[in-house]
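Student: The sequence and its predicted three-dimensional model are supplied below.
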Amino acid sequence: MGLETLIEYANQQYAAKGIAQIQKVATPWKVVRNGKRIVSAFPEKKSTVDFLGVYKGMAIAFDAKQTENKTRFPLANIEQHQIDFMIDWEKNGGIAFVIIDFKSHGQIFLMNLQEFVIASSLYGSSIPYKHFTQCIREVHHENGIVFDYLKHVEAIA
């Protein structure tokens, strides 16, 4: 199951239990046609983050990223405008974080924005996998939720 699909399924469970209301942010696409035939498509504008919502009165924004890399999370996987959006989100009282899936290890981690910014400046172009296993919260199936990432939000708030 893809990371975003897993998160969307968890979001449905959270909503059904009345725990949170979190939605996937759609990226607007421009479709170029030649008659009825679609020739190409491209994003109309840069997206903000993948998900926005409310959990226990807290406004949350986060991005979900996957990597096949076994030893590092390449920072090129996340755009600077997304980091800037999350920084502004937090300046306005929200909570921002990144969920990172190391597919080859079958492990998914939740990293708050401050941790992400510090690790980014500390390591340069990528954050080592070892940093995640030693310092960052791993997300699991818990509390009847297929992917209970919100359990970590109160700890980072």
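Tutor: Happy to help now that I have it. Numbering: from 1, shown residues only.

Student: State the three-state secondary structure for the nearest residue to residue 48 once chain neighbours are set aside.
Tutor: Nearest residue to residue 48, sequence neighbours excluded (Cβ to Cβ, 6 or more residues apart in numbering): residue 85, at 4.6 Å. The way it works is simple: take the backbone N, C-alpha and C, and place the C-beta from them, glycine included. Of the three states, residue 85 takes helix under DSSP: H, G, I helix; E, B strand; the rest coil.

Student: who touches residue 85 in this structure?
Tutor: Counting by Cβ atoms under 8 Å, 6 or more residues apart in numbering, residue 85 touches 48-49, 61.

Student: Can you tell me the SS state at residue 39?
Tutor: Assignment for residue 39 (three-state DSSP): strand.

Student: what's the longest helix in this protein?
Tutor: Ordering each helix of the chain by length in residues (DSSP state H) puts helix 3-16 first.

Student: Help me confirm that residue 101 comes into contact with residue 64.
Tutor: Yes: between residue 101 and residue 64 there is a contact under Cβ atoms under 8 Å: 7.4 Å.
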